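# please find the sequence and the predicted model below.
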Amino acid sequence: MSTTLAKISRRIVLFFRKPKVVKTTKTLTSVLKNFYFFFIMFLLYLPIIIIAFQSLNSSRNANRFVSFSFKWYVDMFSDSQLMEVVSNTLTNAFFSTLLSTVFGTMFAIGIHSLTKKARQKMVFLNQIPILNADVVTGISLMLIFKVLMSVFPNIFVPLPETALFFRVSLTVLLSHIYFSLPYVVLSVLPKLSELDPNLYDAALDLGSKPFDAMMKVIIPAIKAGIFTGMLMAFTMSIDDFVITFFTSGGAYDNVSIYVYGQIGKIMSPAVYAYNTLLTLTVVVVLVGMYISSAIKQKKQALAQIQHNRLPN
Amino acid sequence: MGKKLIELKGITKRYDDEPVVDSIDLYINENEFITLLGPSGCGKTTTLRMIGGFEKPDEGQIILNGVVVNDIPPYERPINTVFQRYALFPHLNVFENIAFGLRNQKIAKEEIVSRVEAALKLVSLPNFAQRKVALLSGGQQQRIAIARAIVNRPKILLLDEPLAALDLKLRQNMQYELKEMQRKLGITFIYVTHDQEEALTMSDTIVVMNKGKIQQIGTPTGIYNEPKNRFVANFIGETNIIQGYYVHQNLVSFMGVEFECVDTHFADGEKVDVVIRPEDLDIIEPEGAKLAGIVSSSVFKGVHFELCVIINEKEFVVHTYENRPVGAKVGLKVDAYEIHLMKVEQSEY
Amino acid sequence: MNIKKLGRLVTPYVVWLSILVMIPLVMMVILSFFETRGLDFTNATFTLSNWFRDLRDPSVLKALENSFTFAGITVAVVFLIGYPMAFILARSSFANKMVILMLTIIPMWSNSLLRNNALRNLFSEQSFVNDLLSKINLSFVLDIKGTPSAIIAGLVLTFLPFMILPVYTVLEKMDKSLIEASMDLGASPIRTFFKVTFPLSLKGVATGVIMVFLPSFSGFAVPYILGDGKFILVGTIIENSYNYNINFVSTLSILLVIIIFLMIFFVSKVDKEGESFL
């Protein structure tokens, strides 16, 4: 009984090894793989496509597409409520990205130079804001700010435009720095460990002052990590809802909070226009950077080949 | 040597249309320790990977025990590999690593236990079964990797530069142990290395490769003493290569002087490359010597001195036990049987 | 690098994290055992009722149940969809993996609430998509707005990249010679997957599980948007009462922290080095 079974299974194995069968199963699996890949991608992009179409709808009616129109891409600039939340979102993202990139890089360099045990502890500590639930982070920061209110009674009141050209809420800004910093640290750390450990000492040895050595040697070597961190910080900031919700004190709405308030109501397609524009900008920037780096790589590869062809 | 176990016929492998292995032919006998030797990028590892089944040749056949195995996947070949960086499974302990192959063959539990223990004993790590792989030293990991492969009793064991990551002392010990192990087990070892000393020490047969082609196949002494071409002569040990011509039987001329020699298969007047190993040159008094020159450098190498002697603007490397000062005039002597002649390759001139 | 001097750069970060993590945590623990008016402790009374009465209120228990159910199902679905995605990405011979990876991340640059709002529209009886399709004589109606399915669909699509990315990273970094070693030792491709590849990718899966479970468990925006406000979750209670019952909100927050710690504890069992987070 078991020998016949073994024979049959052996036959099946041999059947699947016939060149023709191998080829068919290979194409079949690759077709299935591709179908699966594109189907999931389609689902991921479906909401974005819907938003894009809604932004091109001439009517405010979210359930009916009346006709194509680009008017919301113009009208959005005169929608004062939308412009305020957009300006809040982008201003806050700008400052929090800037500050958390600078400080995150600095902290990463510090953490990298610790002993192994201390470094592991710091890496764990650094994870807390990332792993903690947004709701808990939001409530925690809100509590801290409420305590600080006894010293700075106006802490929840946004700074007027006169201070930094745009409205800035200190509580929201600090909160965004709080949750962005760890992402910068996490992106920079691996780049630091790829570095030659003697790089910094070599710069000092050659007569650079510590600060110059840092700026001229270390920072250029880890700039890819810094850039990734910056991108993540910016992404986290513009898309944040929960933490801003709890720390704004109701006086500083961003786009997410604005959208949350509009759920179930008739939303102006200008919001869709803004969102589509933002997504497109990011895509264009990324594609541009990708192409320029690809060209650079190709040039280098060509140069390498030509170099190799030179007679020895 | 036993009978033919595995044969490669016209094997070619290309990456992006560049041939990395270029129509090589090779057979390996049962119970043979064969080494594929060559510089990095010469195609030796690719050849090994094709034997293991990790790569498919673009052309040619791999024949194992008379059966073409080109399309047989690695998991059905009676061949096991010791990987360069060992590739021990980090999520399994030592025992489970070694038992991995046995479990795939659905072998009874008691037998697995006894075979794993025997394998651990063979690599002299008898009490290591429950250890974590990550906590082992490089040398220990190396031994576990070997145990994991041989416990399956493969017909052929492939070793891809297995000693490259070890320090010198450990490497020398392991060379000896590997050779011992092969003798005891009676398995064919196919060994890949770029280290000529390792190849000379361990192998029954050495296959020297360069640029995807086999340069020479032979025993260690054969390869060392009678290199077929400049590449082999240069790659295996240090050597002096001088252009000359074959005067007539048993007489060769180089550096303007005629020397007796033992090679015969050349035409009278044919251009040849003359190979003389540094240890085959003897220092004599300059008066009356066929070759005389000035010592331009002297380096102490532990057992011997390495002298550089310049004769008519040509450098000769000489290994000698007696030092001579730089600037001294010396004569060089070489015996007829230590002069080796090679055919001149067209491309070299 | 110059160890002692540069190490000092960390001090402000330690202070910053300690203040912003530890102080609120202590405050929440204290607040959860009292009844106060906001942060005003003048007439505060010690009480265990937050923990032993309010937490056992049927509506709270229902919210906890909802949170666990939605988050649990979301994690399972995200894993089942995301793991194969990550696997395909990591094994693809396509030259520009970076591009494909970028494609997975780009949706995150579109406002997540707006994306869920688009799904809310899609899942309604008279959807925008259906109206568009009707112009070419097609129709698509998936009227599930206000049902658990809609919420789970929203959570899955929002957090899918959080599973794909860590699993992809682990699979991509995995030493290919381990796979070859397994095949060399006689394991078929399927057996190799279950005996070597999958166990070695568990770190990435664990990270993914945490990154998906926590926001699904504690969030309140997606359930509100796609559940049409019909479902109460833990996050919803916090959102509704943070302004007037900080004591109970603190209790729930501490409960969440405990859940997070339990999850990290289990993950650290899988991932001893603690290196795989992101």
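Structure received.
# which helix or strand contains residue 183?
I went with chain A, as the question did not name one. Per DSSP states H and E, A:Y183 falls inside helix A:170-194.
# please refer instead to chain B.
Assigned by DSSP H and E, B:R183 belongs to helix B:168-185.
# now do the same contact list for the residue nearest to B:K343 when sequence neighbours are not counted.
Counting by CB to CB, 6 or more residues apart in numbering or on different chains, the nearest residue to B:K343 once its immediate chain neighbours are dropped is B:V272, at 7.0 Å. Just so you know, the C-beta spots here come from the backbone N, C-alpha and C atoms, and that holds for glycine as well. Shown here is B:V272, whose contacts under the criterion CB atoms under 8 Å, 6 or more residues apart in numbering or on different chains are B:Q243, B:G244, B:Y245, B:Y246, B:V252, B:F266, B:L341, B:M342, B:K343, B:V344.
# of those residues, which is the nearest to B:Q175?
For the contacts of B:V272, the closest approach to B:Q175 (CB to CB) belongs to B:M342, at 28.9 Å.
# nearest spatial neighbour of the closest one, skipping sequence neighbours?
Excluding its sequence neighbours, the residue lying closest to B:M342 (CB to CB, 6+ apart) is B:D273, at 4.4 Å.
# what does A:I218 give?
With CB to CB, 6+ apart as the criterion, A:I218 has its nearest non-adjacent residue at 5.9 Å, and that residue is A:Y200.
# now the one you found: which helix or strand?
Assignment of secondary structure by DSSP H and E places A:Y200 within helix A:199-205.
# what's the following helix or strand after that helix?
helix A:210-213.
# count the neighbours of residue 223 for me.
Just going to use chain A. The local packing of A:K223 (other CB atoms under 10 Å in any protein chain shown) involves 14 other residues.
# ah, no, chain C please
Under the criterion other CB under 10 Å, the count of neighbours that C:P223 has is 27.
# so for the host helix or strand of it, what's the average pLDDT?
Secondary structure assignment for C:P223, by DSSP H and E: helix C:221-227. If you average the pLDDT over helix C:221-227, you get 94.
# now stretch B:230-247
So the average pLDDT for stretch B:230-247 ends up being 89.
# same check, this time on stretch B:164-184
87.
# buried residues in that stretch, which are they?
For stretch B:164-184, burial by neighbour count (16 or more other CB atoms under 10 Å in any protein chain shown) applies to B:L166, B:R171, B:M174, B:Q175, B:L178, B:K179, B:M181, B:Q182.
# how about the nearest residue to the second one, chain neighbours excluded?
To tie it back to what came earlier, the one meant is B:R171. In space, B:R171 comes closest to B:L163 once its chain neighbours are excluded; the distance is 4.6 Å by CB to CB, 6+ apart.
# same check on the third one?
The spatial neighbour of B:M174 that comes closest, neighbours along the chain excluded (CB to CB, 6+ apart), is B:L163 at 5.4 Å.
# so where's chain B uncertain?
With pLDDT under 70 as the threshold, chain B has low-confidence stretches at B:1-2, B:346-349.
# and the residue in it that chain A sits nearest to, what are its phi and psi?
For chain B and chain A, the shortest gap (CB to the nearest CB) falls at B:D71, measuring 6.3 Å. Comment: the main-chain dihedrals of B:D71 come out as phi -100, psi 10, following degrees, to the nearest 10.
# that one against A:F16, yeah?
No - taking CB atoms under 8 Å as the definition, B:D71 is not a contact partner of A:F16, at 11.1 Å.
# overlap in contacts of these two?
Contact with both B:D71 and A:F16 is made by residues A:V22, according to CB under 8 Å, 6+ apart.
# who in the stretch 101-250 of chain A is up against chain B?
Within the stretch 101-250 of chain A, no position is adjacent to chain B by CB under 8 Å from any CB of the partner chain.
# just the helices from the stretch 101-250 of chain A, written as ranges.
Counting by DSSP state H, counting those that start in this stretch, the stretch 101-250 of chain A has helices at residues A:116-131, A:134-148, A:161-164, A:170-194, A:199-205, A:210-213, A:219-221, A:223-239, A:242-247.
# what helix or strand is C:K230 on?
For C:K230, there is no enclosing helix or strand under DSSP H and E.
# wouldn't it be in contact with C:G146 here?
Yes - in terms of CB under 8 Å, C:K230 counts as a neighbour of C:G146; the distance is 5.3 Å.
# the more surrounded of the two?
Per other CB under 10 Å, whichever of C:K230 and C:G146 has more neighbours is C:G146, with 17 against 13.
# which residue is the nearest non-sequential neighbour of that one?
For C:G146, the spatially nearest residue (CB to CB, 6+ apart) is C:D228, at 3.7 Å.
# point out where the stretch 101-250 of chain A drops to low pLDDT.
A:162-165.
# still on that earlier bit, ramachandran angles for the residue nearest to B:M174?
Backbone torsions for B:L163, taken as degrees, to the nearest 10, come to phi -100, psi 0.
# if we can go back for a sec, okay, the helices of the stretch 101-250 of chain A in JSON lines with distance to C:I19 next?
Formatted as JSON lines, the helices of the stretch 101-250 of chain A follow (distance: least, CB to CB, whole Å):
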{"stretch": "helix A:116-131", "distance to C:I19": "12"}
{"stretch": "helix A:134-148", "distance to C:I19": "7"}
{"stretch": "helix A:161-164", "distance to C:I19": "24"}
{"stretch": "helix A:170-194", "distance to C:I19": "10"}
{"stretch": "helix A:199-205", "distance to C:I19": "30"}
{"stretch": "helix A:210-213", "distance to C:I19": "27"}
{"stretch": "helix A:219-221", "distance to C:I19": "28"}
{"stretch": "helix A:223-239", "distance to C:I19": "20"}
{"stretch": "helix A:242-247", "distance to C:I19": "15"}
